[in-house]
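Colleague: Using only what follows, build the 3D model:
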Amino acid sequence: QVQFVESGGGLVQPGGSLRLSCAASGSILGTYYIGWFRQAPGKEREGVSCISRSTGNTYYADSVKGRFTISRDNAKNTAFLQMNSLKPEDTAVYYCKIHRLIPPRDYWGQGTQVTVSS
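Modeller: Alright, predicted model coming up:
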């Protein structure tokens, strides 16, 4: 069973920064990506960013390119999302997710609230 410890959410003013972290524990065999989705009130959950544990290849949604940076610490099974130049539209619950490729399986964290408001 995979468990997550998510941290780093909170309230920040527009233009500010936050750093999310997601530490995964448990047995995760195989190639996988780790990253974040987010869901704002009344909207569907959307992918934000992810990183391959093995290659370090990254993906960013167009809405966050140039503002967010994802990284990982393989030794600690932890991923980080540095969020800069935050906008009110970034307000959402951010969910950590591990997507294993073979065999395919998804693991979700419990989510952390990010609120961007003056």
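
Colleague: Next one: the residue most central in space within the chain relative to residue 70, how far apart?
Modeller: Note on the chain: the residue nearest the mean C-alpha position is residue 36, at 2.5 Å, using C-alpha atoms, centre = their mean. As judged by C-beta to C-beta, to the nearest Å, residue 36 and residue 70 stand 8 Å apart. No exception for glycine: its C-beta is placed from N, CA and C like everyone else's.

Colleague: what do you get for residue 13?
Modeller: Counting by C-beta to C-beta, the gap from residue 13 to residue 70 is 23 Å.

Colleague: neighbour-wise, which of the two wins?
Modeller: residue 70 (22 against 10; other C-beta atoms under 10 Å).

Colleague: any shared contact partners between residue 36 and residue 70?
Modeller: The contact sets of residue 36 and residue 70 overlap at 49-50, 81 (C-beta atoms under 8 Å, 6 or more residues apart in numbering).

Colleague: residue ranges with poor pLDDT in this protein?
Modeller: Judged against pLDDT under 70, the chain has no low-scoring part.

Colleague: Now do the strands in it.
Modeller: Secondary structure of the chain (DSSP state E): strands at 3-7, 10-12, 18-25, 32-39, 46-52, 58-60, 68-73, 78-83, 92-100, 105-108, 112-116.

Colleague: packing partners for the fifth one?
Modeller: Applying 3 or more C-beta pairs under 8 Å, 6 or more residues apart in numbering; DSSP states H and E, one finds that strand 46-52 makes contact with strand 32-39, strand 58-60, strand 68-73, strand 78-83, strand 92-100.

Colleague: Thank you, goodbye.
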